[in-house]
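*Asks:* Structure of the sequence below:
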Amino acid sequence: MRLIILILSFFAITTIQSQTAYEKGMSKAFELWGNQKRDEAINLFERIAKAEKENWLPYYYAAQIHIVTSFSSKDAEEIETRLKKAQDYLNEAKIFSKDNAELLIMEAMLNTAYVVYDGAKYGMTHSGKVEELYQKAKILEPENPRAILYHAEWQMGAAKFWGKDPKAFCSEIEKAILYFEKEPSKTPFYPDWGKNQIARIQENCK
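*Replies:* Reported below is the predicted structural model:
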């Protein structure tokens, strides 16, 4: 009996240590990202992902940094490289988490980045993907505020392109605000971003 207790205690301590190492690593990666050390953060997220094996979150955040960075880059080679790497990370994440609305939203943003970067080259092939991915995410999680908010932003952009009124989608932004307010707290480091972008997107409603 004492041996069983000792074995169980060993596994409990090992689990706690593992969780602590993961949490410290993730916190450090976010700190690097916050200090504009994007590639260092990506590398750390990748190391965490390989250590954690079946955890999709480190891959997700590595992909997100690449995607967000590509929006502000003017270098075509850098954009192409970052978006390719982001897709690879998302593909890895999807192995460990099927039918994940957050991964679909991030993939929609990746395809949006392609369209923003070179609409003439990618507009026809990637615009449909963006719409499809947001629709799938909203079917999986109808109250996901990121799916609603960023889908509305995408639709507003499309409306402007076709000479239509983007205000038709303002009610979706209001809906997203409500869902942000009641978004449940999930596992540590689970995506909860987007709320600070509401005011920027609402500029389309003026």
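*Asks:* Quick check: the gap between residue 54 and residue 97.
*Replies:* 9 Å (Cβ to Cβ, to the nearest Å). Yep, even glycine has a C-beta here, placed from its N, CA and C like the rest.
*Asks:* okay, those two: which has more neighbours?
*Replies:* residue 97 (15 against 8; other Cβ atoms under 10 Å).
*Asks:* Would you mind confirming that the more buried one makes contact with residue 56?
*Replies:* Yes. Checked against Cβ atoms under 8 Å, the pair residue 97 and residue 56 is within contact range at 4.1 Å.
*Asks:* between those two, what contacts are shared?
*Replies:* Listed contacts common to residue 97 and residue 56 are residue 103; contacts here mean Cβ atoms under 8 Å, 6 or more residues apart in numbering.
*Asks:* after the lowest-mean-pLDDT helix or strand in the chain, next one along is what?
*Replies:* For the chain, counting by mean pLDDT, DSSP states H and E, helix 2-34 ranks last in confidence among helices and strands (a mean of 65). Using DSSP states H and E, the next helix or strand after helix 2-34 towards the C-terminus is helix 38-52.
*Asks:* so after that following helix, what's the next helix or strand?
*Replies:* As assigned by DSSP H and E, the chain's next helix or strand after helix 38-52 is helix 57-72.
*Asks:* Contacts for that next one, please.
*Replies:* Contact partners of helix 57-72, identified using Cβ under 8 Å, 6+ apart, comprise 26, 29-30, 33, 38, 41-42, 45-46, 48-49, 52, 78-79, 82-83, 85-87, 89-90, 92-93, 96, 102-103, 106, 109-110, 113, 116-117, 187, 189-191.
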